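**Q** Next comes the sequence, and after it the predicted model I'd like to discuss.
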Amino acid sequence: MKLILMTYYVGFHDEVMAALRECGVRCYTRWREVEGRCSCGDARDGTQVWPGMNSALMVVVDADHARRVLDAIARFNATIREGGVDAYVVEVTESVLAGSP
């Protein structure tokens, strides 16, 4: 299993969710407003100096779905002149799921 952590400008949320749906990903965790600087641009801290906010979203998927998600995010990033989505993948070695006995 792979954990994908994505950070992006809050205005890209609909596009990120569309990419996940396109890849068949249904389960996710989202942090609606986070402060920070993504790899591509200015800091967003919700202040007058650094207005706006980012979001963070996490999914845990199998390796095939992870590849599809990364490809979909790369396609989205290719359409954006400024900004985009940063996506990081880490291996999940263990889990306990609420929906499992």
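**A** Alright, I've got the coordinates.

**Q** Please name the bridge partners of the residue nearest the centre of the chain.
**A** Taking C-alpha atoms, centre = their mean, the centroid of the chain lies closest to residue 6, which sits 2.5 Å from it. When bridges are called by DSSP bridges, residue 6 pairs up with residue 57, residue 87.

**Q** quick one: low-confidence ranges for the protein?
**A** 101 (pLDDT under 70).

**Q** For it, just list every one of the helices.
**A** 13-22, 63-78 (DSSP state H).

**Q** With distance to residue 30 as added columns, please give those helices in a markdown table.
**A** Any C-beta I mention is one placed from the backbone N, CA and C, and that applies to glycine too. Supplementary listing: the helices of the chain in a markdown table, determined by distance: least, C-beta to C-beta, whole Å:
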| stretch | distance to residue 30 |
| --- | --- |
| helix 13-22 | 8 |
| helix 63-78 | 14 |
